[in-house]
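Novice: I'll drop the sequence and a predicted model, then ask my questions.
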Amino acid sequence: MNKKEIKVIIKNNSDISEEKYLALKDEQKIEYFEKDVKTSLILKNNIKLKRENDNYFLEMEFIPNKTTEGIYKLKNENLNISLEISTDYVIIEENIIIIKYKVISTKQDVIFKIEM
């Protein structure tokens, strides 16, 4: 895996965040640490986003124009919460990845963007 600086932009209903990280990247995966949270974007057949730290684990799968089931696990409370994820689109180009999705239960519209 190669080290590469990335910029992560997350827009949701009420907020925009933009941060730079040093990531490990290869053809099928991008990994970076956001404070104490390990974030992995798996770029195989279907796109998966995994976020994990000592307190929780989150996994979402993105298939354009489909609704998929994600999982949010609170580790300390041994609680699993199912999330319905509706993906509008996924764009993967050489230096940019954009995923537009909605978390149905929270009515949260999100655009997740990585610039390399």
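Specialist: Everything's here; your move.

Novice: quick test: name the residue nearest the centre of this protein.
Specialist: By CA atoms, centre = their mean, the chain has its centre lying nearest to L49, at 3.8 Å.

Novice: now do the same end-to-end measure for stretch 91-98.
Specialist: In stretch 91-98, first residue to last residue: 5 Å (CA to CA, to the nearest Å).

Novice: list the buried residues for that stretch?
Specialist: Going by neighbour count (16 or more other CB atoms under 10 Å), the buried part of stretch 91-98 is I97. (Each C-beta comes from the backbone N, C-alpha and C, glycine too.)

Novice: that older thread, contact partners for the residue nearest to the centre of the chain?
Specialist: L49 makes contact with T39, S40, L41, I42, L58, E59, M60, F62, I99, F112, according to CB atoms under 8 Å, 6 or more residues apart in numbering.

Novice: among those residues, which are located in strands?
Specialist: Among the contacts of L49, DSSP state E puts T39, S40, L41, I42, L58, E59, M60, F62, I99, F112 in strands.

Novice: just the pLDDT at K44, thanks.
Specialist: The model reports K44 with a pLDDT of 88.

Novice: that one against Q28, yeah?
Specialist: Yes: using CB atoms under 8 Å, K44 makes contact with Q28 at a distance of 5.5 Å.

Novice: is the residue nearest to the centre of the chain within a helix or a strand, and which one?
Specialist: Under the criterion of DSSP states H and E, L49 resides in strand 47-52.

Novice: could you dump the contacts of L49 to JSON lines with distance to D15?
Specialist: Formatted as JSON lines, those follow (distance: CB to CB, whole Å):
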{"residue": "T39", "distance to D15": "17"}
{"residue": "S40", "distance to D15": "23"}
{"residue": "L41", "distance to D15": "20"}
{"residue": "I42", "distance to D15": "25"}
{"residue": "L58", "distance to D15": "17"}
{"residue": "E59", "distance to D15": "22"}
{"residue": "M60", "distance to D15": "18"}
{"residue": "F62", "distance to D15": "20"}
{"residue": "I99", "distance to D15": "17"}
{"residue": "F112", "distance to D15": "13"}
